[in-house]
Each structure stands twice: as structure tokens, then as C-alpha cells.
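Enquirer: this one's sequence-less:
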Ligand code: G3I
């Protein structure tokens, strides 16, 4: 519970002290309400998401619902990324384990986490041969078609309007030189037309979502990517709805970033679809890994229709191939050289990669509200390194006035509308740890939410 530590004594305070005391009394009694109105990034372009946003892109990560309760995981996610992909929670075996019986709980957890923080969500994935419950494979053709279309429709309708891009069909082509479709219940029973049918059904279910085909080993020009390219070209020519192609981009020494990576992205973009890096991870360490990551990000930035990058996990600790340490944060959530390389490639200015720079982020949530006033709460979260102090600003719109504050030490500009808040006493926060301060805004007829400035850490 917040404790009152400071009452503003500004001459322009619009109400007498007894009213303020009443406000704070109520604040102490009432439960928090109406969470989440706005958030502000740490310093301009000092996080992956903020730097990507300045380039008109998103920077996302795969997320597992069962790690969201781990504070370092959640704080790294919340600080650095502005898009999420549920790693397993939207797959067929998770959402429709038995026919017609849908379970959305784990994926909803991720979607709600993202939405309440202004992050985008990628949907992964509707039609895939893997993580497919057994009942799907045992259906006859007619029944399978009905089940596939029903699955797409039900799942997309559940999250309608909340998913920016859906991997409608995943990994439908074989590896190697054949350029053939991969054997799967869908391919084997419905034939090539299943992909087209899935996309048409998807468009009808959520017309606002971007519909992607997603695959791996299609990152350079090769037989497999040529086959996908020909399919996309055919879809565009015939008006089959497709908006984007996802390039998973799982790399290691046996499968490095191809030299024609950018050219391959560009040739797909030239067909009239967006391209997205959807599952990026690169095994390795140190500067070699960093250079590869940098090259991928630069390639995306060089292709106008490359709309965003998603890495396949927050931390090496939980990677699907953890022993290859393929991600941007190590198992202790320290920034790796690859992190710095990506941030730099995005035009960002923070440091990290072992440097341990001080950074913080702030987010606002409205708490109790009355007809004449409301309480606000600002949460200050340290970045990936411990910090010893922080400063941020809260600006209200005239004739609003801040009449009380707690859990912080405020100073004011001459207008009285801009409050600079610093810690009460010790401002130390461990990496990823949070603290909060509160304040009361007298509306004076204006209910606008306050605007947060950036957070500066020391
Ligand atoms: O949750 C269970 C757990 O309860 C159980 O004890 C454990 C024992 O096996 O399994 C756990 O489930 C595992 C799940 O990941 C969550 O960790 C599954 O066995 C495992 O198969 C599953 O692996 C996922 C894999 O897709 C399945 O194909 C990976 O997490 C996920 O990263 C990976 O993601 C794929 C993309 O969807 C498509 N592109 C390739 C990419 C990497 O393989």
C-alpha cells in the first residue's frame, strides 16, 4: 500500500488541505482501478522496441505463458520488446486438443499481458503439420476440410482485432531441392489447394489481420524459397488473400545467414507482400553472433516492406535450443554483444552487451477516480542492469493541478504543470526490479491522462 510522504504546497493548489487529506484517505481505502493508460520508453531509442519503432518497425519475441510470472523475464520482455508471439500456446494442440473443444487460457494470458502494455501480438499458427492433435490426422478428407476451416474461424474470431499478423499456414514445403509440398494430413488428404482454402477462410474470419505464410530454410534464394515464391506469386495473380511472408531465420554454423538474405526478402516484397523475420535466433556467441544478428536486422531495415523482427525467445535460458545460446539475453538476462549489435543496427543508442549501462522505463496507470480528481500511479522499472537512482517527469494539462504525491520527491517547473519526480532517499533498484510513486490530479474540468517523460537512470 502506498504511503503518503509528500503533499505539494504549491500556491496554485485549487483546493484547501482538508480536501487533499480526504483524497489521500480515500486513496488508501479504495482498490486500484482502471489500470493502463499509457507508457513511455526509457530514453529515446535505448531499447529494441523503441529503436525499431523509430524505424517504423516492431521488435518482438516469442513468449511462453509459464514464464510471465518470473520478474526478470517479464521485466526484460516489458522493457525491450513491443510485439510478442506465443511460442506454443496458439498451436492446434494447445487451443483445440479435442474436436470442437477450444481452450484459450494460456494464450489469453500472453495476449492480455501484451495488450495491457501496448505490445502487438503475432498469431502462431493455424495450420501446421506439427503439434497437431491425433484426432485431426484420423479424419477423412471432407471432415478434415470442415475441421480445418472451423479451427481457423474459431481461433481467429476469438482474438479478432487483437492480432496484427497470423501465420495462417506454417512449414508446408519440403526441405531440399524438390520444391515439393511436405506430407501432412492436410496435404495428403486435401491436396495443394488446402493452403489457398486456409487463407480464404482466414480472411473471412478476421479481415483486419495480416495473413502470412511462414517457413524456415527459405531465408536465402534456394529451391524451397523458390517454391514458396512461386506460390505467393500465383496467389497474388489470382487474388488469393495473402499479405505477408514470414522468414523464420533459425541460424547456426551449419545454416548461417545467407549472403543473399536481403535480396531474398526484397524479391518477396516485390510481389506485393510484407515480409517479416518471425523466429530469429542464431547459435553462437561473442562478436560472430553479434555480426550475424546485425546483418539480419540491417537487411530488414533495407527492405521497405520488412515490417518487423521477432526473436524466438527472451533469454537463452528458455530457448528451444538453449545449448546453442542463440538469443540476445543470456541465462541471467544480461545483454549479450548480439543485443548491442541489434540495438546499434536499429539506430539505438543504449549500451549493453556486458557493459551494464543504467536504464529505466516508466509506465502509468490510473487508479481511483472521482468526479473532481483521480489518482495516478507511475511504475519505474530498472533495465537489464542495477541502478542507483532515477528521474522522470509527469506533465498534466492546464487547468489540471497535481495536489498531492506519495512515495517520491517532486520538484516543479514554473508553470506548475510539469512535475519531476525522484526517489525518496535510496533510489537503488536491482536489474529488472520496480518501484512506484503516486499522485492526485485535480481535474478542474479536464480528465486527460498525464503524460510521462522518459526515465533517466544513474
Ligand atoms: O509443456 C510440456 C511439459 O509439460 C513437458 O514436461 C515437456 C516434456 O517433453 O514438454 C513440454 O512441452 C514442450 C513445449 O515445447 C514447451 O516447452 C514440447 O514437448 C516441445 O515439443 C515444444 O517444442 C516447441 C516446438 O516448436 C514444437 O515443435 C518449442 O518450444 C518451440 O520453440 C518450437 O517452435 C517452432 C515454431 O513453432 C515453428 N518453427 C520452428 C520453431 C522451432 O522448432
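Expert: Looks like it came in fine. Everything quoted here is computed from the prediction, not taken from an experiment. Residues are numbered from 1 along each chain as shown.
Enquirer: contacts and neighbour counts: CA atoms only from here.
Expert: Noted.
Enquirer: Get me the contact residues on the protein for the ligand.
Expert: Neighbours of the ligand within the chain, by CA under 6 Å from any ligand atom: 87, 130, 320.
Enquirer: so which of the residues you listed would you say is closest to residue 229?
Expert: residue 130 (22.5 Å; CA to CA).
Enquirer: Give me the neighbour count for that closest one.
Expert: Counted with other CA atoms under 10 Å, the neighbours of residue 130 add up to 12.
Enquirer: Look up which helix or strand it falls in, please.
Expert: In the assignment (DSSP states H and E), residue 130 maps to no helix and no strand.
Enquirer: Can you report phi and psi for it?
Expert: phi -100, psi 160 (degrees, to the nearest 10).
Enquirer: re the thing from before, which one of the residues of the chain next to the ligand is nearest to the ligand?
Expert: Minimum distance to the ligand across the residues of the chain next to the ligand is 4.7 Å, recorded for residue 320 (CA to the nearest ligand atom).
Enquirer: any idea which element the closest one lies in?
Expert: Judged by DSSP H and E, residue 320 forms part of no helix or strand.
Enquirer: what's the distance between it and residue 311?
Expert: According to CA to CA, to the nearest Å, residue 320 stands 12 Å off from residue 311.
Enquirer: and if you look at residue 403?
Expert: 44 Å.
Enquirer: swap in residue 223?
Expert: Residue 223 is 25 Å from residue 311, by CA to CA.
Enquirer: which one of these two has more residues nearby?
Expert: Looking at residue 223 and residue 311 with other CA under 10 Å, you find the greater number of neighbours at residue 311, namely 26 against 18.
Enquirer: could you dump the residues of the chain next to the ligand to JSON lines with pLDDT?
Expert: Formatted as JSON lines, the residues of the chain next to the ligand follow (pLDDT from 0 to 100):
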{"residue": "87", "pLDDT": "98"}
{"residue": "130", "pLDDT": "98"}
{"residue": "320", "pLDDT": "98"}
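Enquirer: In JSON lines, list those along with distance to residue 379.
Expert: Output for these, formatted as JSON lines (distance: CA to CA, whole Å):
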{"residue": "87", "distance to residue 379": "28"}
{"residue": "130", "distance to residue 379": "41"}
{"residue": "320", "distance to residue 379": "32"}
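Enquirer: Need the three-state assignment for residue 358.
Expert: With DSSP: H, G, I helix; E, B strand; the rest coil as the basis, residue 358 sits in coil.
Enquirer: Provide a list of residues in contact with it.
Expert: Taking CA atoms under 8 Å, 6 or more residues apart in numbering, we find residue 358 in contact with 382, 383, 384, 385, 386, 387, 457, 458.
Enquirer: before we move on, what about residue 262?
Expert: Contacts of residue 262 by CA under 8 Å, 6+ apart are 296, 299, 300, 302, 303.
Enquirer: From those, list just the buried residues.
Expert: Buried members of the contacts of residue 262, counted by 16 or more other CA atoms under 10 Å: 296, 299, 300, 303.
Enquirer: quick one: average pLDDT of the helix or strand where the first one lies?
Expert: In this case it means residue 296. Assigned by DSSP H and E, residue 296 belongs to helix 286-302. For helix 286-302, mean pLDDT is 97.
Enquirer: Alright, I will stop here.
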